[in-house]
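K.L.:
Below are the sequence and a predicted model for it; my questions follow.
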Amino acid sequence: MRILIISDIHANLVALEAVLQDAGRVEDVWSVGDIVGYGPRPRECVELVRVLCPNVSVIGNHDWACIGRLSLEEFNPVARFASYWTTMQLQAEHLQYLESLPNRIIDRDWTAVHGSPRHPIWEYIYNARIAALNFPAFDTQLCFVGHTHVPLYIREDEAQANIAPHHPADGEVLDVSDGRYIINPGAVGQPRDGDPRAAYAIFEPEQRRVTFHRIEYRVAETQAQMREAGLPESLVTRLAVGV
Ligand code: ZN
């Protein structure tokens, strides 16, 4: 069984479609939040995720902002403008879908949250110290997160020893047959590790394996859609450099 794990789509439909095509045949798709915000195609992305991810879809901070659960004052001016723009694009059915999303899903041997198990909406897991604080906050073997827009995995004992998280390369395979892990597939729609390629992961539960992927997509097409929508130029240019 192959499960596609995606995060931080951020309304980048061109990147999402490229990921779906590259991933090939999968039995399920799990989304770990931030379907919308920043990008030019929020309606289409919500509609796709609603169909693709019937079992696992958790809410992210940008999704929260669009349904009024979060004050836009929490965002910087550019993110605030994009969030306001996004809310204007969404119709009742999209808002209802976002409203319906939980902030945490736990099943069998895994947990899914957007930020961290301690603070599902807000906390960024980007170093060993924060990872170590979060391992006691979930009971399952694996925890899938997003939010940082940087692919990452860290094993529990390495987090305790303050060993830096691993930033997996394209094609890297993580064996999860033993140990406990926090795993971030990276961002589909707005990578921030200096690599503009879309990121995703494939989880194969029977093989106890997670494989990380990066793929090129038509960045210029998303950028053209953003300019047409009047979204801030700083959000447009960052996609080409992955920051
Ligand atoms: Zn995000």
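P.N.:
Happy to help now that I have it. Just so you know, these numbers come straight off a predicted model, no measurement behind them.

K.L.:
tally of neighbours for whichever residue of the chain sits closest to the ion?
P.N.:
Of all residues in the chain, D34 sits closest to the ion, at 3.6 Å by C-beta to the ion. For the C-beta atoms, the positions are set from N, CA and C on the backbone; glycine is no exception. D34 has 30 neighbouring residues, counting by other C-beta atoms under 10 Å.

K.L.:
OK, contacts around it?
P.N.:
7-10, 60-63, 114, 146-147 (C-beta atoms under 8 Å, 6 or more residues apart in numbering).

K.L.:
Could you identify the buried members of these?
P.N.:
Neighbour counting by 16 or more other C-beta atoms under 10 Å classes 7-10, 60-63, 114, 146-147 among those as buried.

K.L.:
In three-state terms, label I105 for me.
P.N.:
Put simply, I105 is strand when judged by DSSP: H, G, I helix; E, B strand; the rest coil.

K.L.:
If you could redo that for E158, that was the one I meant.
P.N.:
Classification of E158 using three-state DSSP returns helix.

K.L.:
What number of neighbouring residues does the spatially closest residue to it that is not a sequence neighbour come out with?
P.N.:
Nearest in space to E158, with sequence neighbours left out and distances taken as C-beta to C-beta, 6 or more residues apart in numbering, is A128 at 6.7 Å. Residues lying near A128 (other C-beta under 10 Å) number 17.

K.L.:
does A128 really touch H166, like I thought?
P.N.:
No: applying C-beta atoms under 8 Å, one finds A128 not in contact with H166, separated by 10.6 Å.

K.L.:
any residues in contact with both of these two?
P.N.:
I154.

K.L.:
Okay, strands next: where are they in this protein?
P.N.:
3-6, 28-31, 56-57, 104-107, 110-113, 142-144, 152-155, 173-175, 181-184, 198-204, 209-215 (DSSP state E).

K.L.:
I'd like those as TSV, with mean neighbour count, distance to the ion and mean pLDDT appended.
P.N.:
Shown next, in TSV, are the strands of the chain (neighbours: other C-beta atoms under 10 Å; distance: least, C-beta to the ion, whole Å; pLDDT from 0 to 100):
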stretch	mean neighbour count	distance to the ion	mean pLDDT
strand 3-6	25	12	98
strand 28-31	23	12	98
strand 56-57	21	14	98
strand 104-107	14	17	98
strand 110-113	26	13	98
strand 142-144	24	14	98
strand 152-155	22	14	98
strand 173-175	14	22	98
strand 181-184	26	11	98
strand 198-204	24	12	98
strand 209-215	20	17	98
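
K.L.:
near the ion, which residues of the protein show up?
P.N.:
Within the chain, the positions lying close to the ion (C-beta under 5 Å from the ion) are 8, 34.

K.L.:
Sketch out the low-pLDDT regions of the chain for me.
P.N.:
Applying pLDDT under 70 to the chain flags no residue at all.

K.L.:
Could you pull up the residues touching the residue of it most remote from its centre?
P.N.:
In the chain, the greatest distance from the average C-alpha position (C-alpha atoms, centre = their mean) is reached by A161, at 26.6 Å. Taking C-beta under 8 Å, 6+ apart, we find A161 in contact with A128.

K.L.:
wait, isn't I130 in contact with G115?
P.N.:
No: counting by C-beta under 8 Å, I130 stays clear of G115, with 10.3 Å between them.

K.L.:
joint contacts of the two?
P.N.:
Joint contacts of I130 and G115 (C-beta under 8 Å, 6+ apart) are 123-124.

K.L.:
Which one's more surrounded, the two?
P.N.:
When neighbours are counted by other C-beta under 10 Å, G115 comes out ahead of the other of I130 and G115, with 24 against 17.
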